[in-house]
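S.K.: Here's my sequence, what's the structure:
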Amino acid sequence: MNIGIRVKLSTMMFLEFFIWGAWFVTMGTYLTVTLKATGTQNAGAYATQSLGAIIAPFVIGLIADKYFSAQRILGVLHLLGAASLYYATTIADFDKFYPNILFYMIIYMPTLALVNSVSFKQMQNPSKEFPLIRVFGTAGWIIAGIVIGLLGWEKSGTLVLTFKMASIASLILGLLSFTLPDTPPVKRGQKTTFGDIIGLDSISLLKNRSYLIFFLASVAICVPLAFYYNFTNPFLNEVGVKAAAGVQAMGQVSELAFMAAMPLFFVRFGVKKMLAIGMLAWVLRYIFFAYGDAGSSYWMLIAGIVMHGICYDFFFVTGQIYTDNLAGERFKSAAQGFITLATYGVGMLIGSYISGPIVDHWKVSDTSHNWQTIWLIPAGIAAVVLILFLALFKDKTSMATKPGLDIQEPSAQTEI
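M.R.: Take a look at the predicted model:
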């Protein structure tokens, strides 16, 4: 690949996830402290990610794949996003903030697929070249968190600046996008059905009993996952953790480390053990959060954050590979789209609407919650999912025996 193109693609990935990480991690604290939002409102704001994930395939399937070059749509969406993020800094109440952030997530979520499309178009061997580009996205998310922590915006009550920072980055990426290599629509003139868009062609995979169990477990485990995304930053700030956003970035560092080690784990464990370890990690993470604090048990909070690599890689990345392996060449793309829609769309949406009322119910005062009880609830949900999975999932396939296994960097939510 031409070095100039490589630099542009790496910069594109860095900015794509820097933008998201710049405001998403700390939005809960911003809403709670600055806009005086309730836990239910906070969860509703985070649910816009799921709504965006549900709508995104239609944007890609009906527009990007058929009518316009991917890099141009990417540019337009990020320019609109820059305006939306800046407008967010002028809003003083949640009722006006919510429709704006919903609009933003609807136009942002499609860009996650667009940056991949632009990248893959320039690669001859994506399995080897893509991780070297995608890693800059994880770096962007990490650096955004570190910047927020170093500047102390959480403690100073100036998290509104995170939206301004993200707005500037979105403007830069929007302009940069028009200089990216041309990525013309791949389905110009072809008929696209509703089933094509949401990956219904792959629904036949659910006839496999083990895959059906995995699929249901994937949706169910996203319910406790929503607790982590929606309330970890407010929790850490409330219990007195300094530079919480920067501390949370350790989760992405862990993710990179475990991603690199996954081929070794595949050799040692089969699919069932890998998936089970991932779910067990969710149980342990929430127990650590329940009993950790900013004092003598601070290590428990750090352990819960660092376990992100196991929580995400062992379950979601393993699941993506398991899905790819079962789908076969014909249904690979449809199957990945279907499982993503079910997890980050439906599962996370359910989790968001469940987590908010629970956090509100266990509110002790205007500035404190009974976090021990709150975190034990998703721990219990994850434990139930794990037990049912162990009892019902029978596929003992060793993925290490499958030829051509490529482990790539995860796409978006990973960053989280």
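S.K.: next structured bit after the worst-scoring helix or strand of the chain on mean pLDDT?
M.R.: Lowest by mean pLDDT, DSSP states H and E among the helices and strands of the chain is helix 194-198, with a mean of 56. Proceeding N to C from helix 194-198, the next assigned helix or strand is helix 209-238, under DSSP states H and E.
S.K.: quick one: low-confidence parts of the stretch 51-200 of the chain?
M.R.: Applying pLDDT under 70 to the stretch 51-200 of the chain flags residues 59-66, 126-127, 186-200.
S.K.: Mind jotting down where the helices sit in it?
M.R.: Assigned by DSSP state H, counting those that start in this stretch, the helices in the stretch 51-200 of the chain fall at 70-88, 94-121, 126-151, 153-156, 160-177, 194-198.
S.K.: Show me what the fourth one is packed against.
M.R.: Same thing as helix 153-156. helix 209-238 (3 or more CB pairs under 8 Å, 6 or more residues apart in numbering; DSSP states H and E). The way it works is simple: take the backbone N, C-alpha and C, and place the C-beta from them, glycine included.
S.K.: Near Met279, how many other residues are there?
M.R.: 22 (other CB atoms under 10 Å).
S.K.: So it is in contact with Phe316, correct?
M.R.: No. Look at Met279 against Phe316 with CB atoms under 8 Å: they stay out of range, at 10.7 Å.
S.K.: on that earlier part again, turn the helices of the stretch 51-200 of the chain into JSON lines, columns for distance to Gly246.
M.R.: Below are those laid out as JSON lines (distance: least, CB to CB, whole Å):
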{"stretch": "helix 70-88", "distance to Gly246": "21"}
{"stretch": "helix 94-121", "distance to Gly246": "23"}
{"stretch": "helix 126-151", "distance to Gly246": "2"}
{"stretch": "helix 153-156", "distance to Gly246": "9"}
{"stretch": "helix 160-177", "distance to Gly246": "13"}
{"stretch": "helix 194-198", "distance to Gly246": "38"}
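S.K.: Val33: which of those helices is closest?
M.R.: Nearest to Val33, of all the helices of the stretch 51-200 of the chain, is helix 153-156, at 8.6 Å by CB to CB.
S.K.: out of the helices of the stretch 51-200 of the chain, which comes closest to Gly4?
M.R.: With respect to Gly4, and counting by CB to CB, the nearest of the helices of the stretch 51-200 of the chain is helix 160-177 at 12.7 Å.
S.K.: what does that closest one contact?
M.R.: The contact list for helix 160-177 (CB atoms under 8 Å, 6 or more residues apart in numbering) reads 8, 11-12, 15-16, 18-20, 22-23, 26, 30, 34, 71-72, 74-79, 81-83, 85-86, 88-89, 144, 147-148, 151, 153.
S.K.: if we can go back for a sec, using TSV, lay out the helices of the stretch 51-200 of the chain together with mean neighbour count and distance to Lys272.
M.R.: Listed next are the helices of the stretch 51-200 of the chain as TSV, based on neighbours: other CB atoms under 10 Å; distance: least, CB to CB, whole Å:
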stretch	mean neighbour count	distance to Lys272
helix 70-88	21	38
helix 94-121	20	29
helix 126-151	20	25
helix 153-156	18	40
helix 160-177	21	40
helix 194-198	16	28
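S.K.: Nearest to Gly270, out of these?
M.R.: The nearest among the helices of the stretch 51-200 of the chain, by CB to CB, is helix 126-151 at 22.2 Å.
S.K.: for the helix or strand encompassing Ala22, packing partners?
M.R.: Using DSSP H and E, Ala22 falls within helix 3-23. Secondary-structure packing of helix 3-23 (3+ CB pairs under 8 Å, 6+ apart): helix 70-88, helix 94-121, helix 126-151, helix 160-177.
S.K.: I'd like the mean pLDDT over that helix, please.
M.R.: If you average the pLDDT over helix 3-23, you get 94.
S.K.: how about that helix: buried residues?
M.R.: By 16 or more other CB atoms under 10 Å, the buried positions in helix 3-23 come out as 8-23.
S.K.: and what of stretch 311-329?
M.R.: Here stretch 311-329 shows 311-327 as buried, counting by 16+ other CB under 10 Å.
S.K.: Which ones among these lie within strands?
M.R.: Applying DSSP state E to the buried residues of stretch 311-329, no entry is found in strands.
S.K.: So which of the helices of the stretch 51-200 of the chain is nearest Trp371?
M.R.: When the helices of the stretch 51-200 of the chain are ranked by distance to Trp371, counting by CB to CB, first place goes to helix 153-156 at 16.9 Å.
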